[in-house]
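here's my sequence, what's the structure:
(chains A and B)
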Amino acid sequence: MTEERFRALAAAYGADPDRWPDAERSSAAAFLSARPAVARPILAAERRLDEALAAYAAAEPDSALRARIVAAAPRERRVGRVARWLAGAGLGLGLAASCAAGVAAGFAFAPSSLSHMLGRPAPTGADLSPLASPADDAAGG
Amino acid sequence: MRPSPGTAGPGDTDDELVRRAGQGDAAAVQALVARKLRRVLALAERMLGDPAEAEDVAQETFFRAWRHAPRWRPGAAKFDTWLHRVTLNLCYDRLRRRREKTVADPPETPDPGPGPDRGLMAQAVGERVRLALQGLPERQREAVVLCHYQELGNIEAAALMGVSVEALESLLSRGRRALRVALADLAELD
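Numbering: from 1, shown residues only, chains lettered A, B, ... in the order given. Next up is the predicted model:
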């Protein structure tokens, strides 16, 4: 990097290398290392201006402004909320129905599946009695 | 995985928050305001030099953002750049109106503020800088505000201003030189 370019960058972007163009930052750093007697006074002059500019702090947004802006933001439509609630309710009902169906199917098919696993014919309705002896299962195996 | 409605965190991209804000997600709205309002207000204040006008501009910028949010297309532009563009347009509208009014009714010369021998407080220096910035030609002021205060990269700032990077650097150099002259009494800036 030439001295002229180093001066031009400092004049445009100030003393902080973080503000300099990405593509030229490393060559500017190399120039600073190679010719500190030239580079440092250039940066020092720009740093004084940077420090003065930093004294102009921007105001914090006040809460009233913030509230006006938030109040004007899009709101979720009531129809959308209702639809979402209904969708949620529908899902709940669907799950409940599925559970009920699952229980019913369990009653309908579990004996045959069980018997299949145990390797014996499907039991009749009377065999579903909770009073059926576990020994019966063992005897059938 | 998309964040659930009702929550927003620093990991959410601007695009994601805008999309959700457009759907009326209150948490996304709050997050966008927290993330961008200070930045928009600072831009307007330094361009206009008037806090009350800057508030009006910041408010209008966000109103436009809310109207635009339901149609926001991620990836088409950076939301931050879009906000800067809208803010600058609104500032230029006001500066134009101000110029028209000034022709009819010239203002009094602004008070340059206290001299260095009075022991300037930081606030007074800030006021001097505000006046010095307002004394710059508008394009030089825009370049300095975008690059120095808003910390935009040179390519993004040049694109926003519709000029080449070389032209941006020229505006910056001339702007900073004029500021140095205007503030020379503060701390031997020359």
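
pLDDT below threshold where in chain B?
B:1-6, B:8, B:103-121, B:187-190 (pLDDT under 70).

okay, now the unreliable bits of chain A?
Checking chain A against pLDDT under 70 turns up A:77-141.

from B:Arg19, how far off is the nearest residue to B:Tyr149 once chain neighbours are set aside?
Spatially, and ignoring its direct neighbours in sequence, B:Tyr149 is nearest to B:Arg46 (5.7 Å; C-beta to C-beta, 6 or more residues apart in numbering or on different chains). In this view, the C-beta of every residue, glycine as well, is placed from N, C-alpha and C. The gap separating B:Arg46 from B:Arg19 is 30 Å, by C-beta to C-beta, to the nearest Å.

got it, and A:Tyr56?
With distances taken as C-beta to C-beta, A:Tyr56 is found 35 Å from B:Arg19.

more neighbours, these two?
Legend: neighbour count by other C-beta atoms under 10 Å in any protein chain shown for A:Tyr56 and B:Arg19, higher for A:Tyr56 (23 against 19).

wouldn't that one be in contact with B:Arg130 here?
Yes: counting by C-beta atoms under 8 Å, A:Tyr56 sits close enough to B:Arg130 to count as a contact (5.5 Å).

between the two, what contacts are shared?
Jointly contacting A:Tyr56 and B:Arg130 under the rule C-beta atoms under 8 Å, 6 or more residues apart in numbering or on different chains are B:Arg46.

sec struct for the residue nearest to B:Tyr149, please.
For B:Arg46, the assignment made with DSSP: H, G, I helix; E, B strand; the rest coil gives helix.

for it, which residues are in contact?
B:Arg46 touches A:56, A:58, B:130, B:133, B:141, B:145, B:149, counting by C-beta under 8 Å, 6+ apart.

what's the lengthiest helix in chain B packed up against?
Using DSSP state H to define each element, chain B has its longest helix at helix B:79-104. Here helix B:79-104 touches helix B:14-22, helix B:26-48, helix B:51-68, helix B:138-144, helix B:154-161, going by 3 or more C-beta pairs under 8 Å, 6 or more residues apart in numbering or on different chains; DSSP states H and E.

okay if I get those helices as CSV plus distance to A:Ala30?
As requested, these are exported to CSV (distance: least, C-beta to C-beta, whole Å):
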stretch, distance to A:Ala30
helix B:14-22, 36
helix B:26-48, 34
helix B:51-68, 41
helix B:138-144, 27
helix B:154-161, 20
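
for A:Ala44, which of the ones you listed is the nearest?
Taking C-beta to C-beta, helix B:138-144 is the member of these nearest to A:Ala44, at 19.7 Å.

contact partners for B:Phe63?
A:69, A:72.

try 7 Å
A:Ala72 (C-beta atoms under 7 Å, 6 or more residues apart in numbering or on different chains).

same check, this time on A:Glu3
So A:Glu3 contacts A:Val38 (C-beta under 7 Å, 6+ apart).

can you pull up the most central residue in chain B?
Nearest to the mean C-alpha position of chain B, counting by C-alpha atoms, centre = their mean, stands B:Leu43 at 1.4 Å.

how much space separates the residue lying closest to it once chain neighbours are set aside from B:Leu160?
Closest residue to B:Leu43 apart from its sequence neighbours, by C-beta to C-beta, 6+ apart: B:Thr87 at 5.1 Å. Separation of B:Thr87 from B:Leu160 (C-beta to C-beta): 10 Å.

specify which residue of these two has the higher count of neighbours.
Between B:Thr87 and B:Leu160, counted using other C-beta under 10 Å, the more crowded position is B:Thr87 (26 against 19).

can you pull the residues of chain B lying near chain A?
Contact residues, chain B versus chain A (C-beta under 7 Å from any C-beta of the partner chain): B:21-24, B:29-30, B:33, B:37-38, B:41-42, B:45-46, B:51, B:55, B:58-59, B:62-63, B:66, B:69-70, B:122, B:125-126, B:129-130, B:147-148, B:154, B:169, B:172-173, B:176, B:179-180, B:183, B:186-187, B:189.

hang on, the earlier thing: nearest to A:Arg7, out of the helices and strands packed on helix B:79-104?
helix B:154-161 (16.6 Å).

mind listing what's buried in that closest one?
In terms of neighbour count (16 or more other C-beta atoms under 10 Å in any protein chain shown), helix B:154-161 has its buried residues at B:154, B:156-161.

my guess is A:Leu49 contacts B:Val181. True?
No: applying C-beta atoms under 7 Å as the test, A:Leu49 and B:Val181 come out as separate, 10.4 Å apart.

okay, those two: which has more neighbours?
A:Leu49 (24 against 12).

and A:Glu60, helix, strand or coil?
Under three-state DSSP, A:Glu60 comes out as coil.

what distance do you get for it to B:Arg128?
From A:Glu60 over to B:Arg128 (counting by C-beta to C-beta), the distance is 21 Å.

looking at those two, which is more packed in?
B:Arg128 (22 against 12).

can you count the residues close to the residue lying closest to B:Ala143 once chain neighbours are set aside?
Nearest non-adjacent residue to B:Ala143, counting by C-beta to C-beta, 6+ apart: B:Leu171, 3.8 Å away. By other C-beta under 10 Å, 25 other residues sit near B:Leu171.
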